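> A predicted structure for the sequence below; I have some questions about it.
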Amino acid sequence: MPANTTTVADPSVDPTADEIVLPSACPLDCPDHCSLDVTVRDGAIQRIDGSHRSSVTDGFICTKVRNFGDRVYGPERLLHPAIRTGEKGEAQFRSVSWDDALDHVATRLRAIAEQHGPESILPVSYGGSNGMLTQGNTDARLFRRLGAAELLHTVCAAATGRATEGLYGKMPGVAYEDYVEAKLIVVWGANPSAAGIHLVPFIREAQSRGAKLVVVDPRRTPLAKRADLHLALRPGTDLPLALAVIRWLFENGAADDTFLGEHATGVEPLRKRADAWTIERAAEVCQLDPDALAQFARDYGAISPAVIRCGWGQERNRNGGSATAAILALPAVAGKFGVRGGGYTQSNSGAWNLGADALIGADEPTVPSVNMNRLGRHLVERAAPDIRALFVYNANPLMTFPDQERMRAGLAREDIFTVVFDQVMTDTARYADVVLPATTFLEHHEVQKGYGALSLQHAPPVIAPQGEARPNLEVFAELTRRMGLAKTDDVEDIATFNAHLHEQAEAVSGGGNNGQHSNSETGNGTGGSLANGAVVYPETGATPVMFRDHLPRTADHKVHLFPADLDAEAPAGLYAYQEESPSEAFPLVLISPATRRTISSTLGELYRGAAAVEIHPDDAAARGLESGDPVRVWNDLGEVHCAVRISRDEKPGVAFLAKGLWAHNTANGNTANALAPDTLTDLGGGACFNDARVEIARRDDDRTAT
Ligand SMILES: Nc1nc2c(c(=O)[nH]1)N[C@H]1C(S)=C(S)[C@@H](COP(=O)(O)OP(=O)(O)OC[C@H]3O[C@@H](n4cnc5c(=O)[nH]c(N)nc54)[C@H](O)[C@@H]3O)O[C@H]1N2
Ligand SMILES: Nc1nc2c(c(=O)[nH]1)N[C@H]1C(S)=C(S)[C@@H](COP(=O)(O)OP(=O)(O)OC[C@H]3O[C@@H](n4cnc5c(=O)[nH]c(N)nc54)[C@H](O)[C@@H]3O)O[C@H]1N2
Ligand code: SF4
Ligand SMILES: [Mo]
């Protein structure tokens, strides 16, 4: 720490200090939920570092958030409300006052509600802010009270969420810290080296203590390179793989009948659906070596503690829900629970049971809904409800939702009034009639729960709002008033929402001081209430052991291996594999996973580089392509003009193009989402980004632009 630096919670404490270090927490859509130390001088950010308050953060953070100041002070930052003056898509605006902007929005929304019905207004929000003071409070109240249509939040975690909750309820999973206790770690459909970096040191530590590492991923990810076994399966074939292991466990006396008898329902129907999947048959469908698959089954049966880090890569295809359910059934079948470092980790976001519903009133009428994965088609086909206003916040739908061409055509409709409330001029904001400038987490209060790391933090602002930017909570409360929808006892201040969340936080953490040990094994776990940057664990005050400190949060506290509602929902039934018919025109599978550069599309304004689609040397040779060539990647939905990069990290037959690109990263302004179908996962109505099938060829017309 530099001289003259103090660590205080309030800048007014030591006004003589040149620099102050203020606690904060990262609210981006990342499982790690880091605790931060922000160095501020004269009201401006100097540095952003990881702090040690969270044992998962342990003093280091990703480059993205280290450089978050570049977003706060960057040229793309929105500083004033503005109204469109040019064509949609051109991003020509003139600044107006907040008063004028909000009056305009309120007047237009009222008129549209009168003429077309309130369900013609659609709020479009998703993962931009994972904080609880920037979503699900005054925004939700406004749109419910108005009777606006509802957007189903399905672009991510819809299939995994259905599967996880169906089997286990909202049960907290294995904490990152406890991975060091595992003797077998399976990283399945997750790439922590990019999308949750703080798990990596715990995996390394476990490996140095002799743990085996298995990675199930079509790509040779950094962890796959260090794994004892890499199962590079064909995307979308996780279900047969998991069922084959389940079958093997039952056939070879490696199923834990005692555990299953005591703690599980649905064992027989699961066993029946797995029965068709021999190791050999699964290996063929997954394009894997049967010996490698058999090795995995043997290891998983034999080694304990065993933990599965189940990510989201396996969910983004037609079989994603059943695949996730089968993966999560594994630790139950093999009896891996009840010991530290045993079980699974998926999303912990539900485990906190936190929300502001009690403060905003949940009694408003039920309204028609629109699946966000089909929003483009909905707008283009003018499906019911007939949408005439979009209010976009916490999301960048043009760059993150499937079927980009339709999404673009929908946003370009002149008869739809679009408000975009964001921190920067996103590709979506370029289509807005009105843009509203939002504060970043460094400029407003936030309360956040981790969905990987089991931590819960309150982060006060560390700098003043930039320009005229305002927090969501305030803007939606003000709009509610201007639309004549406010009630006298409406809660709309940060302090009350904050206090309400704090109370619930203390309830879930058991006060943090309920007599249980404070995770002494790893020397962390501060417990306690939701103070600035506090880390608490749901109910135990320490990292929880599955089936010791918690039972499943299902009605009977058992794991449901064959929930009837999931079986009814999946088109072919739960655990029934939906095959694909091979396409001659589009033989390559295109996947678009997370990279280190952005969080979804957030911070993409700072990455101006030209994107490249990555393919295996065999696929490049078959098309006469060399690294750096300009190519078109296309299918029936659209095309992307970019460069090609040749890499042995890709599986033959699989192409990779990064998630979260902006229009400026490609030669024609399209990204992987222009190739992603708007079909839905078997469970939860989720996105099928990785069901994109494409062809790639050199763009001979254009050898320079990439
Ligand atoms: N740096 C960074 N961090 C992020 C994000 C980001 O964009 N950037 N995004 C955040 C968000 S919103 C989320 S949801 C999480 C996602 O976190 P992860 O689940 O870790 O990331 P994904 O990008 O979904 O893909 C994970 C891995 O799945 C593989 N994969 C693709 N298809 C399949 C398949 O069919 N089966 C299997 N087994 N693997 C497959 C991919 O090759 C990839 O290595 O990360 C969060 N963290
Ligand atoms: N091709 C492809 N596409 C994908 C995926 C994939 O794997 N492949 N993954 C999907 C996944 S996992 C997810 S989660 C989605 C995420 O998709 P989105 O929810 O669209 O997430 P972001 O791209 O991060 O955009 C969030 C926006 O919210 C803004 N924002 C942040 N904080 C605030 C705030 O406090 N107030 C307001 N008003 N705005 C704020 C940010 O500036 C940013 O522009 O993308 C999906 N898209
Ligand atoms: S994006 Fe993830 S790794 Fe980076 S600071 Fe935020 S929580 Fe930590
Ligand atoms: Mo996500």
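Received, thanks. Numbering: from 1, shown residues only. Ligands and ions are numbered 1, 2, ... in the order given.
> quick one: name the residues of the stretch 601-706 of the chain near ligand 1.
Applying C-beta under 6 Å from any ligand atom, one finds that the stretch 601-706 of the chain approaches ligand 1 through 659, 660, 690. C-beta here means a position set from N, CA and C on the backbone, and glycine is covered the same way.
> nearest residue to the second one other than its sequence neighbours?
Put plainly, it is residue 660. residue 598 (3.9 Å; C-beta to C-beta, 6 or more residues apart in numbering).
> is it true that the one you found touches residue 64?
Yes: between residue 598 and residue 64 there is a contact under C-beta atoms under 8 Å: 7.1 Å.
> so where do the helices sit in the stretch 101-250 of the chain?
For the stretch 101-250 of the chain, the helices defined by DSSP state H, counting those that start in this stretch cover 138-146, 158-168, 192-195, 199-208, 222-225, 238-251.
> show me which residues of the last one are buried.
Taking 16 or more other C-beta atoms under 10 Å as the basis for neighbour counts, the residues of helix 238-251 that come out buried are 238-250.
> from those residues, which are also near ligand 1?
Within the buried residues of helix 238-251, those near ligand 1 by C-beta under 6 Å from any ligand atom are residue 238.
> and the buried residues of helix 238-251 as TSV, adding distance to ligand 3 and pLDDT?
Shown next, in TSV, are these (distance: C-beta to the nearest ligand atom, whole Å; pLDDT from 0 to 100):
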residue	distance to ligand 3	pLDDT
238	25	98
239	29	98
240	32	98
241	29	98
242	28	99
243	33	99
244	34	99
245	31	99
246	33	99
247	37	98
248	36	98
249	35	98
250	39	98
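> and of the buried residues of helix 238-251, the nearest to residue 411?
Among the buried residues of helix 238-251, residue 238 lies closest to residue 411 (C-beta to C-beta), at 33.8 Å.
> pull the contacting residues for that closest one.
Listed by C-beta atoms under 8 Å, 6 or more residues apart in numbering, the contact partners of residue 238 are 188, 189, 216, 314, 319, 323, 324, 326, 327.
> neighbour count and pLDDT added to those, as TSV?
Output for those, formatted as TSV (neighbours: other C-beta atoms under 10 Å; pLDDT from 0 to 100):
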residue	neighbour count	pLDDT
188	26	99
189	27	98
216	28	99
314	30	98
319	29	98
323	33	99
324	35	98
326	31	99
327	29	99
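> name the nearest residue to the residue in the stretch 451-600 of the chain that ligand 3 sits nearest to, ignoring sequence neighbours.
Closest to ligand 3 within the stretch 451-600 of the chain is residue 599: 5.6 Å, counting by C-beta to the nearest ligand atom. With sequence-adjacent residues excluded and distances taken as C-beta to C-beta, 6+ apart, residue 599 is closest to residue 28, at 4.6 Å.
> right, and that neighbour touches residue 602 too?
Yes: using C-beta under 8 Å, residue 28 is in contact with residue 602, at 6.4 Å.
> pLDDT value on residue 354, please?
The model reports residue 354 with a pLDDT of 84.
> gap between it and residue 162?
20 Å (C-beta to C-beta, to the nearest Å).
> those two: who's more crowded?
Remark: of residue 354 and residue 162, residue 162 carries more neighbours, 28 against 24, as counted by other C-beta atoms under 10 Å.
> need the contact list for that one.
Here residue 162 is in contact with 321, 566, 569, 683, 684 (C-beta under 8 Å, 6+ apart).
> can you rerun that using 6 Å?
For residue 162, the contacting residues are 321, 683, 684, by C-beta atoms under 6 Å, 6 or more residues apart in numbering.
> want to try JSON lines for the residues you listed, with pLDDT and secondary structure as columns?
Output for the contacts of residue 162, formatted as JSON lines (pLDDT from 0 to 100; DSSP: H, G, I helix; E, B strand; the rest coil):
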{"residue": "321", "pLDDT": "98", "secondary structure": "helix"}
{"residue": "683", "pLDDT": "98", "secondary structure": "coil"}
{"residue": "684", "pLDDT": "98", "secondary structure": "coil"}
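> type out the ChimeraX command that picks the buried ones from those residues.
Those of the contacts of residue 162 that count as buried under 16+ other C-beta under 10 Å are selected in ChimeraX with:
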select :321,683,684
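> residue 655 belongs to a strand?
Yes: the assignment for residue 655 is a strand, going by DSSP: H, G, I helix; E, B strand; the rest coil.
> that one and residue 315, how far apart?
Counting by C-beta to C-beta, the gap from residue 655 to residue 315 is 19 Å.
> okay, now residue 335: neighbour count?
Residues contacting residue 335 under the criterion other C-beta under 10 Å number 23.
> quick check: closest non-adjacent residue to it.
In space, residue 335 is closest to residue 256, 2.5 Å off (C-beta to C-beta, 6+ apart).
> test my guess that the one you found contacts residue 336.
No: Residue 256 is not in contact with residue 336 according to C-beta atoms under 6 Å; the separation is 8.1 Å.
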